[in-house]
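**Student:** kindly return the folded structure for what I paste below:
(4 chains)
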Number of protein chains: 2
Amino acid sequence: MAKAMQYSEQEGGAIRQRNEKAILAAAERVFARHGYRGASLQEIAEQAELPKSNVLYYMGSKRKLYVRLLERMMGRWNAMLDDISAEDDPAEVLSAFIRSKMQMSRRHPEGSRLFASEILGGAPFLQEYLRGELREWVQSRAAVFREWADRGLMDPVDPVWLIFLIWSSTQHYADFEAQVLGITGRESLGDDDLEEITRFLTRVVLKGCGVRHPEPAVE
Amino acid sequence: MAKAMQYSEQEGGAIRQRNEKAILAAAERVFARHGYRGASLQEIAEQAELPKSNVLYYMGSKRKLYVRLLERMMGRWNAMLDDISAEDDPAEVLSAFIRSKMQMSRRHPEGSRLFASEILGGAPFLQEYLRGELREWVQSRAAVFREWADRGLMDPVDPVWLIFLIWSSTQHYADFEAQVLGITGRESLGDDDLEEITRFLTRVVLKGCGVRHPEPAVE
DNA sequence: TCAATTCTTGACCATGTGGTCAGTTTTGGC
DNA sequence: GCCAAAACTGACCACATGGTCAAGAATTGA
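**Tutor:** As a prediction, the model looks like this:
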């Protein structure tokens, strides 16, 4: 499932392309909001402005549609922070990490929530991915963090907990958007809010881990 | 809904008490896993080892059962960190905050996930609570944090983002348990793991916010 | 032009849903 | 032992679910 993920289109007629796009967008919303079981093809079809039969014609089944959405999201995920090495500057890498995770929450909130909903439900479709590919990803980053700590470039904190800290605190702004908006009294979070939060998180994490150059990497 | 929350039992016959307890426990699991729509009374009844009719006899309706679970969870929530003042030691208060949130994730993982699922779905039942009671709670804590910052006891970080940071990073270990277990390769998280994570988070947050006495408040 | 492919869709099906109800059994206080 | 209140539960209902299918409409390439 996580192997053939390099594609990004696949052509197909212009009609197919248009309709699939509409279906995927609608499905992402509905699955994110109600979970796999709670989502209904009827609602997805309505939001895509197509008859239900048409959704099944393009996607085959509810399960296939769901899996396809998960794969698309994992693809976006994998495209992030592909290459870091122990030679890089810890402050820059961690800043970039926080920033790109934050942008993921901003650009793909429905996808983030879809992922969260899948994990909440015990990750029935993603267990393989978690125990395989993603685990590798984490381990290799953790090794780099550890080397930084050995060289005295940051405190010797457990790298895995650090990665979870960054994941959770950034993903929060997609997954718990309703809570954030309710409590802050905002209607929505603007780019400036996100920028402010990014700086706050970068500052606390870098300083909290004793990283050398805590400049927030503004650009 | 968030008003009359002081009760904690309500008697009723011993039979009622026993059955309601079983139903609530089963329902919390099922709602947490599948969300409000995705959960079925049939499955809840099976897990409670009762006929479906009996569940409805005690709970009235799916909606009432769900709301009751949310209220119970909000009750636990409200019992946390009721009183802090600007006179208290920031390090102690923040440590206790992180610790008790972490214990909430440990003691009531299903409840945490239920709450998360409700928020993910746009908080249809909790909007009032978020915009009212919980917002007040946050504002009053934020005021204390700000005073600490004014007195130079900690860096002048935005208190609301700080509260969200603590919420998200602790709640993560309940909500994303499946992800944490998959990536770390563990079967479950033990008390010692949780203690280690608590210390890590306390350390990073206190140091990251420039709080005075960063001792992890071991006890 | 015309046939082949792709697309569209309403009717239909078995199954599961939340919920009602009436009739029965069990319980607990006197 | 009595009896009202509480507890129990299978049969049942209207409706929604994911999915199938066949027949027609639109599009395509030669």
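
**Student:** what's the domain layout of chain A?
**Tutor:** Structurally, chain A divides into domains by automatic domain parsing as follows: A:14-71, A:80-208.

**Student:** closest one to residue B:50 among those?
**Tutor:** With CB to CB, the closest approach to residue B:50 among the domains of chain A belongs to domain A:14-71: 21.5 Å. The way it works is simple: take the backbone N, C-alpha and C, and place the C-beta from them, glycine included.

**Student:** how far does that closest one sit from the chain's center?
**Tutor:** 20 Å (CA atoms, centre = their mean, to the nearest Å).

**Student:** quick check: end-to-end length of that domain?
**Tutor:** Criterion CA to CA, to the nearest Å; first-to-last residue distance in domain A:14-71 is 22 Å.

**Student:** returning to what we had before: so which of the domains of chain A gets nearest DNA strand D?
**Tutor:** Between DNA strand D and those, the tightest spacing by CB to the nearest atom of the strand is seen for domain A:14-71, at 3.2 Å.

**Student:** so where's chain A shaky on pLDDT?
**Tutor:** Along chain A, the parts satisfying pLDDT under 70 run over A:1-12, A:81, A:213-219.

**Student:** could the domains of chain A go into JSON lines alongside mean neighbour count?
**Tutor:** Shown next, in JSON lines, are the domains of chain A (neighbours: other CB atoms under 10 Å in any protein chain shown):
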{"stretch": "domain A:14-71", "mean neighbour count": "18"}
{"stretch": "domain A:80-208", "mean neighbour count": "18"}
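
**Student:** dump those to JSON lines, plus distance to DNA strand C.
**Tutor:** Below are those laid out as JSON lines (distance: least, CB to the nearest atom of the strand, whole Å):
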{"stretch": "domain A:14-71", "distance to DNA strand C": "3"}
{"stretch": "domain A:80-208", "distance to DNA strand C": "15"}
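
**Student:** got CSV for those domains, with distance to residue B:29 too?
**Tutor:** Output for those, formatted as CSV (distance: least, CB to CB, whole Å):
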stretch, distance to residue B:29
domain A:14-71, 14
domain A:80-208, 11
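
**Student:** contacting residues around the residue nearest the centre of chain A?
**Tutor:** Centroid-nearest residue in chain A: residue A:112, 4.9 Å away (criterion: CA atoms, centre = their mean). Going by CB atoms under 8 Å, 6 or more residues apart in numbering or on different chains, residue A:112 touches A:32, A:73, A:104, A:105, A:171, A:174, A:175.

**Student:** my read: the third one touches residue A:79, true?
**Tutor:** No - in this structure, residue A:104 is not within contact of residue A:79 by CB atoms under 8 Å, at 9.8 Å.

**Student:** shared neighbours of the two, anything?
**Tutor:** When contacts are counted by CB under 8 Å, 6+ apart, residue A:104 and residue A:79 have no shared neighbour.

**Student:** what's near enough to touch residue A:16?
**Tutor:** Residues near residue A:16 by CB under 8 Å, 6+ apart: residue A:58.

**Student:** after the host helix or strand of it, which helix or strand is next?
**Tutor:** Per DSSP states H and E, residue A:16 falls inside helix A:14-38. Going down the chain from helix A:14-38, the next helix or strand is helix A:41-48, by DSSP H and E.

**Student:** report whether that following helix contacts chain B.
**Tutor:** No - judged by CB under 8 Å from any CB of the partner chain, helix A:41-48 makes no contact with chain B; its nearest approach is 9.9 Å.

**Student:** helix or strand for the residue nearest to the centre of chain A, which one?
**Tutor:** helix A:109-120.

**Student:** of all the domains of chain A, which one is nearest residue B:60?
**Tutor:** domain A:14-71 (21.0 Å).

**Student:** distance of the nearest residue to residue A:182 once chain neighbours are set aside relative to residue A:127?
**Tutor:** What sits nearest to residue A:182 in space, not counting adjacent residues and going by CB to CB, 6 or more residues apart in numbering or on different chains, is residue B:130, at 3.1 Å. Computed as CB to CB, to the nearest Å, the residue B:130 to residue A:127 distance reads 32 Å.

**Student:** repeat for residue A:44
**Tutor:** Look at residue A:44 and residue A:127: by CB to CB, they are 25 Å apart.

**Student:** cool, residue A:199 as well?
**Tutor:** Taking CB to CB, one finds residue A:199 at 36 Å from residue A:127.

**Student:** and stretch A:202-211, anywhere near chain B?
**Tutor:** Yes - contact of stretch A:202-211 with chain B (CB under 8 Å from any CB) involves A:203, A:204, A:205, A:206, A:207, A:208, A:209, A:210.

**Student:** now render those residues as JSON lines, adding secondary structure.
**Tutor:** Below are these laid out as JSON lines (DSSP: H, G, I helix; E, B strand; the rest coil):
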{"residue": "A:203", "secondary structure": "helix"}
{"residue": "A:204", "secondary structure": "helix"}
{"residue": "A:205", "secondary structure": "helix"}
{"residue": "A:206", "secondary structure": "helix"}
{"residue": "A:207", "secondary structure": "helix"}
{"residue": "A:208", "secondary structure": "helix"}
{"residue": "A:209", "secondary structure": "coil"}
{"residue": "A:210", "secondary structure": "coil"}
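
**Student:** closest to residue B:38 among those residues?
**Tutor:** Among the residues of stretch A:202-211 next to chain B, residue A:205 lies closest to residue B:38 (CB to CB), at 34.9 Å.

**Student:** wait, doesn't that closest one sit right on residue B:204?
**Tutor:** Yes - using CB under 8 Å, residue A:205 is in contact with residue B:204, at 6.9 Å.

**Student:** who touches both of the two?
**Tutor:** By the contact definition CB under 8 Å, 6+ apart, residue A:205 and residue B:204 are jointly contacted by A:162, A:165.

**Student:** ok, which stretches of chain A are strands?
**Tutor:** All residues of chain A lie outside strands when identified by DSSP state E.

**Student:** the helices in it, which residues?
**Tutor:** Taking DSSP state H, the helices of chain A run over residues A:14-38, A:41-48, A:52-59, A:62-78, A:90-107, A:109-120, A:127-129, A:135-150, A:159-175, A:177-184, A:191-208.

**Student:** can I get the CA coordinates of the last one in CSV?
**Tutor:** By that I understand helix A:191-208. Extracted C-alpha coordinates of helix A:191-208, given in CSV (Å, rounded to 0.1, in the frame of the first residue of the first chain):
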residue,chain,number,x,y,z
ASP,A,191,-2.0,33.1,8.4
ASP,A,192,-0.8,35.6,11.0
ASP,A,193,-2.2,33.5,13.8
LEU,A,194,-0.5,30.4,12.4
GLU,A,195,2.8,32.3,12.0
GLU,A,196,2.6,33.5,15.6
ILE,A,197,1.9,30.0,16.9
THR,A,198,4.7,28.6,14.8
ARG,A,199,7.1,31.0,16.3
PHE,A,200,5.9,30.2,19.8
LEU,A,201,6.3,26.5,19.3
THR,A,202,9.7,26.9,17.7
ARG,A,203,10.9,29.1,20.5
VAL,A,204,9.7,26.8,23.3
VAL,A,205,10.9,23.6,21.7
LEU,A,206,14.4,24.9,20.7
LYS,A,207,14.9,26.6,24.1
GLY,A,208,13.4,23.7,25.9
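
**Student:** many thanks, have a good one.
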